[in-house]
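Chemist: mind folding the following:
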Amino acid sequence: MLKNYLKIAFRNLWRSKGYATINVVGLATAFCICLFLCLTAYLHLTFDSFHADGDRIFQTYLFANDPDGATRSGNVSLPLTPALKTDYPELEAVTRVMVGRKSLVEVNGKYYDKLINYTDPDFLKVFSFSLQTGNPQTVLRELSSVVISENMAKDIFGTANPIGKRLRIGNDGIQKDFIVSGIISDAPDNSSVRYDALVRMENAPDYQSNKDNWTANFHSVFLKLPPNVDKTAFEARLKPFAKKYFQGTIDELNKKKAKPDQAGDVFAVRLQKLADVHFNRELSDNKGTPIAVVYVLLGMAFFILAIACINFINLSIARSFTRAREIGVRKSLGALKQGLFVQIWSESALICCVGFLAGTGLAYLLLPVFNATFGGKLKLGTAFQPGFIAFILGVIAVVTLIAGGYPAWKMAQFDTVSVLKGKVTVKRPGALRNALIVTQFALSCLLICCTVIAFQQVDHLRHSPLGFDKEQVISIPVGTQVNGRQVLQRLRNKLANDPAVLSITGTGVNLGKGKDRTSSRSTIGYTFKGNKVMTDMLLIDFDYLKTLKINPIAGRDFDRAYSSDSVNRVIVTQSMAKMIGSANPVGLLLGDDGDTTGTKSQIIGVVPDFRLYSVAEEAWPITLYLSNTEPIHYVFVRVAPQNLVKSMDKLKAVWAEVAPQAEFIGSFLDENVDAWYQNEEQLSQILGLASVIAIVLSCIGLFAIALLMIEQRTKEIGIRKVMGASIPSIVLLLSRDFVKLVLIALGIAVPLAWFGMKTWLDNYSYRIDISPWVFVGVGFSAILIALLTVSFQSVKAALMNPVNSLRSE
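Modeler: Residues are numbered from 1 along each chain as shown. All right, here's what the predicted structure looks like:
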């Protein structure tokens, strides 16, 4: 019986190639997009989920209920970990993790750039990264031990055994020898903790000077609670810990009249579950993904699949009128409703399965393009994991039952006598039909509104005031294989007489995201005249302000004529001057009130505030300083605007002379700044793609509905034409109901889009105001698209000879 059902299903679909093709293409496209979106959401939802005892692993963070706004920082001080171990010996494990920029690794005269993590021996007790070689109890026991990843072992040593081999690690002349004591598995793509190698925290730069400093926050701390210890209960036990070690900070907040939060804390040490760190941008150094974005991706997947299913139902019902007599004949020959249902449903199931298989094949072909376009790391193999397979089979079952089952049930209910007489009708206007149209266009309009607003916000961010001139400036990452100060001086000597080069400077922090995709931040806090001060410290070199066209508003720039400028002299931004409570701070000495060493820095100038980091990150006042010893990581070159491509090529050639061992990966500063908003741009592109797919699928569905309606009203149209109705009046008659439904869809979509995008925009301090004209434009476009879709069938029906239409009825 099943074989006969399938054979008949193939025959029927072969006779209706157009119907089958439209359904298969629609379902395949929808499933392909849904698979991409679900794989992306799955990657984010499973971040850090592979660790054993993941429900007991937490990251510590510092909470401060500042009157200017509550802050949460995952960066903590070095003495926090020893204090936690001392005060709470029952903790199963506590480890520090400091991820810096890539370090230079030297082996037998060969050099490699690798990501070195500074950590503690408890690292392998907290996390479940598999140790391929070595004893987890002893691999980090010695200060000179280094644990390298599988990829690093293969890259440096090939197939040779690296255990016991010597590595030299470090930058800018500060290098140490390490002995390989273990090989650890590579961190998976869904891991918040990344590494090429692990060494002891005691080897970190400035460790000795900061090991007892509670105000220098530059690394993360993770701990594992004992079994059956509740997070909330342990946080309550941390309250006396905060008072013991952070009393100064609490006093400063009380002076500012800070009020306790709901938990009764002005300041607290709190815990964030490891699995949730990825969704908290404050704790993940703005590298995470808000959970709202994941829900948006899943919502888009559901919307697109729902629209495709609605199309399937509409086309199936529309086609049922052409099969009415066939069903009547089958019933007159003794076919039961159950048999007809299974027969018709088997056709639908076959289309669904073919559509899903075609969608999977399409996803396989387009996956490299999707990853390249959106910077993804998706792997189709993820879809073949047991949980994901169960999810996919569930989706196929639901789609087949709903999208195929309803039309099959509807056709099986046809009355035998009526269909043989040609009297098949469906109630008009039809609650189901109207609901499907409203649902389709509500979802489509919702996606389009969100897309337009997202694109406007990205454009707004790109054109936000930066406080510096980003045009005609080339940013060159120095890398780890050369001395940045030496390269900077060589470039100045080489290009001193080049008219195309206007100025050259160096800095420790890039502006935007360069091709090295590395970012660092150094923020310090201290007490100045009784006020708590937090500031970003920015290492620069001479001509920094000139290169970026930042003009001092008080005092002066750093000048080579003043030898003292490189020692305890700083320039501050306007917000820093405001924070220290001085209208004209030039000449003041900056430093902690408790500092008695005489190392305070004198302010020599004030500059306007400028954007050092993305607007998605919290902005702090900036303190600019010179140093003869700290490394220069980036070189900025301002060039003449006449021929930018030629200037880039010239710099690349000169770089090969002054730094032959380092790769030239220069980029224009405006491109770097645009890369700040790469995540937002990718989201808007995904929304745009989803919107296009949704509107195309909706139009296909609307076309099917128009066909269904005109099939029902053929006789009515013929009678109206005989009675003298004009073609425009008939087209208007057939189209106006659809316009009403689109207006209802807009009434549903607009409030949802406004609420959703307003919530998203609230994450940005610099954001647009949602314009009502966005919704007006989307509404007008939706009505126009609907009219164009319906008008094809409407005009065709209006032009039909009434004699033929009445005779056919």
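Chemist: chain neighbours aside, what residue packs nearest to Leu548?
Modeler: Among residues not flanking Leu548 along the chain, Phe468 sits closest, at 3.9 Å (CB to CB, 6 or more residues apart in numbering). For every residue, glycine as well, the C-beta is placed using N, CA and C.
Chemist: pLDDT averaged over the longest helix belonging to the chain - what is it?
Modeler: Criterion DSSP state H: the longest helix present in the chain is helix 337-374. The pLDDT scores in helix 337-374 average 80.
Chemist: list the buried ones in it?
Modeler: Buried positions in helix 337-374, judged by neighbour count with 16 or more other CB atoms under 10 Å: 340-352, 354-356, 358-360, 362-363, 367, 370, 374.
Chemist: any idea which helix or strand comes after it?
Modeler: helix 386-399 (DSSP states H and E).
Chemist: give me the contact list for that following helix.
Modeler: Helix 386-399 is contacted by residues Leu27, Cys34, Cys38, Tyr42, Leu305, Cys309, Phe312, Cys352, Cys353, Phe356, Thr382, Ala383 when judged by CB atoms under 8 Å, 6 or more residues apart in numbering.
Chemist: of these, select the buried ones using a ChimeraX command.
Modeler: Provided next is the ChimeraX selection string for whichever of those are buried by 16+ other CB under 10 Å:
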select :27,34,38,42,305,309,312,352,356,382,383
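Chemist: of the contacts of helix 386-399, which is the nearest to Gln137?
Modeler: Distance to Gln137 across the contacts of helix 386-399 (CB to CB) is lowest for Thr382, with 33.7 Å.
Chemist: any low-confidence regions in the stretch 1-150 of the chain?
Modeler: In the predicted model, the stretch 1-150 of the chain carries pLDDT under 70 at residues 1-19.
Chemist: all strands of it, in order?
Modeler: For the stretch 1-150 of the chain, strands defined by DSSP state E, counting those that start in this stretch occupy the ranges 57-66, 69-73, 76-77, 93-99, 103-107, 110-114, 116-119, 131-133, 145-149.
Chemist: the second one: which residues count as buried?
Modeler: Using 16+ other CB under 10 Å as the test for burial, strand 69-73 gives no buried residues.
Chemist: list the buried residues for stretch 379-399?
Modeler: Quick answer for stretch 379-399 (16+ other CB under 10 Å): Thr382, Ala383, Phe388, Ile392, Val395, Ile396, Val399.
Chemist: hang on, the earlier thing: for Leu274, state which of the contacts of helix 386-399 is nearest.
Modeler: Tyr42 (17.9 Å).
Chemist: surely the closest one touches Leu380?
Modeler: No: contact criterion CB atoms under 8 Å: Tyr42 and Leu380 do not qualify, at 11.9 Å.
Chemist: need the strands of the stretch 1-150 of the chain in TSV (columns: distance to Thr518).
Modeler: Formatted as TSV, these follow (distance: least, CB to CB, whole Å):
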stretch	distance to Thr518
strand 57-66	22
strand 69-73	21
strand 76-77	22
strand 93-99	11
strand 103-107	12
strand 110-114	10
strand 116-119	13
strand 131-133	27
strand 145-149	18
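Chemist: run the chain-centre distance for stretch 740-751.
Modeler: What separates the centre of stretch 740-751 from the centre of its chain is 30 Å, taken as CA atoms, centre = their mean, to the nearest Å.
Chemist: pLDDT on it, on average?
Modeler: 89.
Chemist: what do you get for stretch 509-520?
Modeler: 81.
Chemist: next, the distance between the ends of that stretch.
Modeler: One end of stretch 509-520 to the other measures 7 Å (CA to CA, to the nearest Å).
Chemist: what does that stretch rub up against?
Modeler: With contact meaning CB under 8 Å, 6+ apart, stretch 509-520 is reached by 100-102, 468, 470, 475, 477, 479, 508, 521-522, 538-539, 548, 611-613, 633-634, 665-667, 669, 671-676, 678.
Chemist: all helices of the stretch 701-809 of the chain, in order?
Modeler: Assigned by DSSP state H, counting those that start in this stretch, the helices in the stretch 701-809 of the chain fall at 714-722, 727-761, 772-799, 802-808.
Chemist: tell me which of the ones you listed lies nearest to Thr573.
Modeler: Closest among the helices of the stretch 701-809 of the chain, once you apply CB to CB, is helix 727-761, at 26.2 Å.
Chemist: now do the buried residues in the closest one.
Modeler: Buried, per 16+ other CB under 10 Å, within helix 727-761: 730-731, 733-735, 737-738, 741-742, 744-746, 748-750, 753-754, 756-757, 760-761.
Chemist: what's the angle between that helix and helix 772-799?
Modeler: 150 degrees (axes from the mean of the first three to the mean of the last three CA atoms, to 10 degrees).
Chemist: so which elements touch helix 727-761?
Modeler: helix 291-320, helix 431-462, helix 678-712, helix 714-722, helix 772-799 (3 or more CB pairs under 8 Å, 6 or more residues apart in numbering; DSSP states H and E).
Chemist: go again with 7 Å.
Modeler: helix 431-462, helix 772-799 (3 or more CB pairs under 7 Å, 6 or more residues apart in numbering; DSSP states H and E).
Chemist: winner for burial among those helices?
Modeler: Burial of the helices and strands packed on helix 727-761 is given as mean neighbour count (mean count of other CB atoms under 10 Å); helix 431-462 ranks first at a mean of 22.
Chemist: chain center to that helix, what's the gap?
Modeler: That offset, for helix 431-462, works out to 20 Å (CA atoms, centre = their mean).
Chemist: after it comes which helix or strand?
Modeler: strand 473-477.
Chemist: centre of the chain to that following strand, how far?
Modeler: From the chain centre to the centre of strand 473-477 is a distance of 26 Å (CA atoms, centre = their mean).
Chemist: what lines up beside that strand in the sheet?
Modeler: strand 634-639 (antiparallel), strand 667-668 (antiparallel) (DSSP bridges).
Chemist: how about it as CSV, C-alpha atoms only?
Modeler: Below are the C-alpha coordinates for strand 473-477, written out as CSV (Å, rounded to 0.1, in the frame of the first residue of the first chain):
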residue,chain,number,x,y,z
VAL,A,473,46.1,57.8,8.2
ILE,A,474,47.7,54.4,7.8
SER,A,475,48.0,52.2,10.8
ILE,A,476,50.7,49.6,10.9
PRO,A,477,50.9,46.9,13.6
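Chemist: quick one, what contacts Leu443?
Modeler: By CB atoms under 7 Å, 6 or more residues apart in numbering, the contact set of Leu443 is Phe303, Ala306, Ile307, Ala694.
Chemist: quick check: the gap between it and Val742.
Modeler: Applying CB to CB, to the nearest Å, one obtains 12 Å for the distance of Leu443 from Val742.
Chemist: burial measure for Tyr497, as a count.
Modeler: Heads up, residue 497 is Asn, not Tyr. 7 (other CB atoms under 10 Å).
Chemist: returning to that earlier point: how close does the residue nearest to Leu548 sit to Leu511?
Modeler: Distance, Phe468 to Leu511, using CB to CB: 7 Å.
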